[in-house]
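Chemist: whatever this is, show me its structure:
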Amino acid sequence: MADVSTDNRHDLILARDAALLKDTVLEAGALALSLFRTDLKNWTKGASSPVSEADIAVNDLLESRLRSVTPDYGWLSEESVDDETRLGKRLVWIVDPIDGTRGYLAGREDWCVSVALVEDAGPLLAAVFAPASDEFFFAARGQGAARNHVPVHATSGAELDFSRMAGPKPLVERLSRSCSEIVLHPRIGSLALRLCRVAQGSLDAAFAGGQSRDWDLAAANLIVQEANGNMTALSGDKILYNRREVAHGVLVAAGRDRHARIVEQFRSRS
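Modeler: Numbering: from 1, shown residues only. Below you'll find the predicted structure:
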């Protein structure tokens, strides 16, 4: 039998980390919102990924607040140089300071702050905050998911209504048995927010094209799972986080029955 004091200590630490995550992501979102639609310096990193001084400011705030309380945890952020000591850590913060920077810089509202605490390759705590629409999603493993403190649930059933799906059109078209053109839900620039729309039931399914990264996915993954959904590779394989390679292939999120149907259809056509 586990030592009660050890269990209590674990619960206390988890409660502390959950409160820290909520407060920090709300503060980071407020900072991002204060800089939204202002004249920001911005540049391109890599081949085509936009980044702005707002991304850096929000990243600095998140890192300062989270790491000051949890100095022994690993850190993986889109806007930080990768420190591979994270690979030896059991607990790691995985952070996207502004998911949907392109939309943020264009003045659109489909962006968010996305942070997860990952334990042994799977998300343990998750927060996704869309300040422009004042939506705060939170989940803890085994405790359900909520939007603005109200529980959320992915839609049930297995039917495929393409107007309630989002993601790369050529990918979704592979599910259609008709030759007629399908009409998808309008694009949502932030991948994390797109996935959270599945968790809250406003989308039936969402796809991520190849080359999404840990920071795009980890928080939303847990929120979908805790909302009675599932999110995996198209093969049905579980998504693992805090690996040396943080890029992922094509993924799908949906309520459990619909997810199973979509995965099966892709398997049968591969």
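Chemist: now the helices for the stretch 101-250 of the chain?
Modeler: Using DSSP state H, counting those that start in this stretch, the helices found in the stretch 101-250 of the chain span residues 101-106, 169-172, 191-200, 214-226.
Chemist: closest one to residue 233 among the ones you listed?
Modeler: Ranking those by their distance to residue 233 (criterion: C-beta to C-beta) puts helix 214-226 first, at 11.0 Å. Glycine gets a C-beta too; all of them are placed from N, C-alpha and C.
Chemist: least trustworthy helix or strand in this protein by mean pLDDT?
Modeler: Lowest on mean pLDDT, DSSP states H and E among the helices and strands of the chain sits helix 169-172, with a mean of 89.
Chemist: how many residues are close by the residue lying closest to residue 146 once chain neighbours are set aside?
Modeler: The shortest distance from residue 146 to any residue that is not its chain neighbour, by C-beta to C-beta, 6 or more residues apart in numbering, is 5.6 Å, and that residue is residue 138. As a burial measure, residue 138 scores 25 neighbours (other C-beta atoms under 10 Å).
Chemist: do residue 247 as well
Modeler: Per other C-beta under 10 Å, the neighbour tally for residue 247 reads 11.
Chemist: where in the stretch 51-200 of the chain is pLDDT low?
Modeler: 179 (pLDDT under 70).
Chemist: re the thing from before, contacting residues around the residue nearest to residue 146?
Modeler: 21, 22, 126, 127, 128, 145, 146, 223 (C-beta atoms under 8 Å, 6 or more residues apart in numbering).
Chemist: how close does residue 45 sit to residue 57?
Modeler: Distance of residue 45 to residue 57, computed by C-beta to C-beta, to the nearest Å: 16 Å.
Chemist: between these two, who's got more neighbours?
Modeler: More neighbours sit around residue 57 than around the other of residue 45 and residue 57, counting by other C-beta under 10 Å; the figures are 19 against 11.
Chemist: I'd say the more buried one and residue 35 touch.
Modeler: Yes. Applying C-beta atoms under 8 Å, one finds residue 57 in contact with residue 35, separated by 6.9 Å.
Chemist: give me the most central residue, the protein.
Modeler: For the chain, the residue nearest the mean C-alpha position is residue 220 (3.0 Å; C-alpha atoms, centre = their mean).
Chemist: follow-up on the earlier one: what subset of the contacts of residue 138 is buried?
Modeler: Buried residues within these, defined by neighbour count using 16 or more other C-beta atoms under 10 Å: 21, 22, 126, 127, 128, 145, 146, 223.
Chemist: can you give me the strands for the stretch 1-150 of the chain?
Modeler: Shown for the stretch 1-150 of the chain, the strands assigned by DSSP state E, counting those that start in this stretch span residues 42-45, 49-52, 74-77, 91-99, 112-119, 122-130, 135-140, 145-147, 150-151.
Chemist: just put these in JSON lines and tack on distance to residue 169.
Modeler: Below are those laid out as JSON lines (distance: least, C-beta to C-beta, whole Å):
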{"stretch": "strand 42-45", "distance to residue 169": "25"}
{"stretch": "strand 49-52", "distance to residue 169": "22"}
{"stretch": "strand 74-77", "distance to residue 169": "30"}
{"stretch": "strand 91-99", "distance to residue 169": "21"}
{"stretch": "strand 112-119", "distance to residue 169": "23"}
{"stretch": "strand 122-130", "distance to residue 169": "24"}
{"stretch": "strand 135-140", "distance to residue 169": "25"}
{"stretch": "strand 145-147", "distance to residue 169": "27"}
{"stretch": "strand 150-151", "distance to residue 169": "32"}
